[in-house]
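# Need a 3D model of the following:
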Amino acid sequence: MANESFESVWDAICDSPEEAAEWKHRSALMMRLRDYLRTVRVPLAEIAERFGVAEATLLAVLHGRIGEIPPVELEEMVRSAEAQRSPLGHLEEPAIR
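Predicted coordinates for the structure are as follows:
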């Protein structure tokens, strides 16, 4: 077997460039969400409520279970996370109810 070099793990394991691109996109979304979840000082249950998802979905993000969450749901959560940021790029703390 010849030694092949790949740009990413997705290029190595996927059957087509289109499939690899889809998994790269999912991976990038997961990393953005994971970074958000690790920096915001709000309980996961509250973030899940804000995003309209189950807390288990956020746990799947934190644990890197990439195949469990549809890309559309990942994109919606990233949009919600970005909407939580202030114009200065800082995370907005929730308003006290």
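# Look up how far L58 lies from Q84.
13 Å (CB to CB, to the nearest Å). Every residue, glycine included, has its C-beta placed from N, CA and C.
# what do you get for V78?
13 Å.
# neighbour-wise, which of these two wins?
Neighbours per residue, other CB atoms under 10 Å: of V78 and L58, the larger number sits with L58, 21 against 17.
# now the helix or strand containing that one: how far from the chain's centre is it?
Take DSSP states H and E as the rule and L58 turns out to sit in helix 55-62. Here the centre of helix 55-62 is set off from its chain's centre by 10 Å, with CA atoms, centre = their mean, to the nearest Å.
# Would you mind getting the angle between the next helix or strand after that helix and helix 55-62?
The helix or strand immediately downstream of helix 55-62 is helix 71-83, counting by DSSP H and E. Using axes from the mean of the first three to the mean of the last three CA atoms, to 10 degrees, the direction of helix 71-83 lies 90 degrees away from that of helix 55-62.
# what packs against helix 71-83?
helix 17-39, helix 44-51, helix 55-62 (3 or more CB pairs under 8 Å, 6 or more residues apart in numbering; DSSP states H and E).
# which residues are common contacts for V78 and L58?
Overlap between the contact sets of V78 and L58, as judged by CB atoms under 8 Å, 6 or more residues apart in numbering, is given by L33.
# that older thread, reformat the helices and strands packed on helix 71-83 as TSV; add mean pLDDT and distance to I69.
Formatted as TSV, these follow (pLDDT from 0 to 100; distance: least, CB to CB, whole Å):
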stretch	mean pLDDT	distance to I69
helix 17-39	91	8
helix 44-51	91	11
helix 55-62	95	6
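# Out of these, flag the one nearest L74.
Proximity to L74, assessed across those by CB to CB, is greatest for helix 17-39 (4.1 Å).
# Any figure for the gap between F6 and A12?
Relative to A12, F6 is positioned 4 Å away (CB to CB).
# Let me fix that, I meant to ask about G52.
Distance of G52 to A12, computed by CB to CB: 35 Å.
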